[in-house]
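[1] below is the sequence, then the predicted model.
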Amino acid sequence: MRLIETERLTKVYQREGRWFPSANDAVPAVDRVSLHVEKGETLGLVGESGSGKSTFARLLLGLETATEGRLLFGGEDVTRWGFKRLRTIRSRMQMVFQNSYSSFDPLFTVERIVGEPLSNYGGMAARKRRRVILESLDMVGLGAAYAERYPHELSGGQLQRVNIARALVFQPELLICDEPFSSLDFKLRRQILTLLEELKIRLGLSYLYITHDLSSVSRFCDRVAVMYKGQIVETLPAARIAEEALHPYTRALLDAVPVQDPRLRRSKTGRPVGEPALPHGESVIQGCRFCSRCPAAMPVCTTVEPALERKRPFHHAACHLYANEAEGKASQTFQIVKE
Ligand SMILES: Nc1ncnc2c1ncn2[C@@H]1O[C@H](COP(=O)(O)OP(=O)(O)OP(=O)(O)O)[C@@H](O)[C@H]1O
């Protein structure tokens, strides 16, 4: 069952500060994205900074209004719901924020921080509220003693547990985790990942896990969607990303992963992310958005935008290199890239 689904969801921002805005001032932060999260699934959303991941998350939470497209929650179209009505579903999906330190008021106790979403919604008796807060803290491995503490008395890992407890007070179905480990070291990342895995089983949660960190994706996610310049360029089972990723952008992201995780061997695109492939790094206004950086770009890539198409079972990619892949006929360029 699909918990949440988007159909060609689009968010266009207008660049500010121009006297005479032109079409070039429109920034399509999220561009015709069709994605879904199944109940009980962990979907990883990866891409470089600025690719549109956080904007997509804000659209799901109703914190941004879509320019075009549809958003469905539990099969119901909620795209044009007003603020008040959206509150009813917002409690069913919660966000775990990027940076623990900056997202807490240093003058608030842990109890107040965790209970803040309940205060915003109101209507819960003080005794019940305290019970819910203590239960949430218990679920993330923090005992009642932590309720009276202040953020500066907690370690980075404990702060991130508080962050997760705060997201759990409404017993959500979907947790959107936006770079939940960016401020943590390797050991703490593993601990928090393990906690999220346990909570998923215990509470039947689904996750949208947003990250730059591809090494955690294959371990934690069921499926991964790769985003580039507002568009989804590839989706595939997360466990197979290192071996089976087709899109040159995904391969370039894999190239950039530190090799401490042996499952993520380096691919052979031979070109680091960010290095333009075409002579002057000119940007492409039509065709494939990755074309100017792609080591395997073909003439067609500069003129025709590739559609996100099924290439293998449970594997979709938006790339002309694999135009024949679905029929089992690998193109010539495909063979070159795979050598
Ligand atoms: N409020 C806004 N007004 C104008 N442009 C915006 C706004 N928010 C985001 N953008 C632009 O939209 C694009 C996508 O930004 P977004 O923050 O969603 O990317 P991201 O992939 O989440 O990046 P990061 O990983 O660094 O958080 C960027 O070009 C950004 O500058």
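    That came through fine. Numbers count the residues shown, from 1 in each chain.

[2] show me the domain layout of this protein.
    2-225, 245-338 (automatic domain parsing).

[3] export these as TSV, with columns for mean neighbour count and distance to the ligand.
    Placement of C-beta: from N, CA and C, glycine included. Output for these, formatted as TSV (neighbours: other CB atoms under 10 Å; distance: least, CB to the nearest ligand atom, whole Å):
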stretch	mean neighbour count	distance to the ligand
domain 2-225	17	3
domain 245-338	16	12
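
[4] least reliable of those by average pLDDT, please.
    Confidence, taken as mean pLDDT, is least for domain 245-338 of the domains of the chain (a mean of 72).

[5] ok, which of the domains of the chain comes nearest A238?
    domain 2-225 (3.8 Å; CB to CB).

[6] what's the span of that closest one from first residue to last?
    Its start and end residues considered, domain 2-225 measures 16 Å (CA to CA, to the nearest Å).

[7] same thing with stretch 68-77?
    Stretch 68-77: ends 13 Å apart by CA to CA.

[8] what segments of the stretch 1-150 of the chain are strands?
    Ranges of strands in the stretch 1-150 of the chain, per DSSP state E, counting those that start in this stretch, are 2-14, 26-33, 36-38, 42-46, 68-73, 76-77, 93-96.

[9] quick one: those as a markdown table, columns for distance to T302 too.
    A markdown table is the format used below for the strands of the stretch 1-150 of the chain (distance: least, CB to CB, whole Å):
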| stretch | distance to T302 |
| --- | --- |
| strand 2-14 | 23 |
| strand 26-33 | 18 |
| strand 36-38 | 31 |
| strand 42-46 | 25 |
| strand 68-73 | 25 |
| strand 76-77 | 37 |
| strand 93-96 | 38 |
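
[10] what's the closest of those to Q286?
    strand 26-33 (13.3 Å).

[11] which residues are contacting that closest one?
    6, 8-15, 52, 55-56, 59, 68-69, 227, 229-232 (CB atoms under 8 Å, 6 or more residues apart in numbering).

[12] circling back: okay, the domains of the chain in a markdown table with distance to A239 next?
    Shown next, in a markdown table, are those (distance: least, CB to CB, whole Å):
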| stretch | distance to A239 |
| --- | --- |
| domain 2-225 | 6 |
| domain 245-338 | 9 |
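
[13] all helices of the stretch 101-250 of the chain, in order?
    110-121, 126-139, 156-168, 186-203, 214-220, 241-244, 248-255 (DSSP state H, counting those that start in this stretch).

[14] which of those helices sits closest to R293?
    That would be helix 248-255 among these, by CB to CB, at 7.5 Å.

[15] L175 reaches L61, doesn't it?
    No. Using CB atoms under 8 Å, L175 is not in contact with L61; the gap is 11.3 Å.

[16] what's near enough to touch E64?
    So E64 contacts K11, T55, R58 (CB under 8 Å, 6+ apart).

[17] which one of the residues you listed is nearest to G40?
    R58 (23.7 Å).

[18] chain neighbours aside, what residue packs nearest to that closest one?
    Spatial nearest neighbour of R58, chain neighbours left out: E64 (4.4 Å); criterion: CB to CB, 6 or more residues apart in numbering.

[19] check the gap between the one you found and R90 for me.
    13 Å (CB to CB, to the nearest Å).

[20] the residue most central in space within the chain: what's it in contact with?
    Taking CA atoms, centre = their mean as the criterion, I210 is the residue nearest the geometric centre of the chain, at 2.7 Å. Under the criterion of CB under 8 Å, 6+ apart, the neighbours of I210 are G44, L45, V46, K53, S54, A57, I176, C177, D178, E179.
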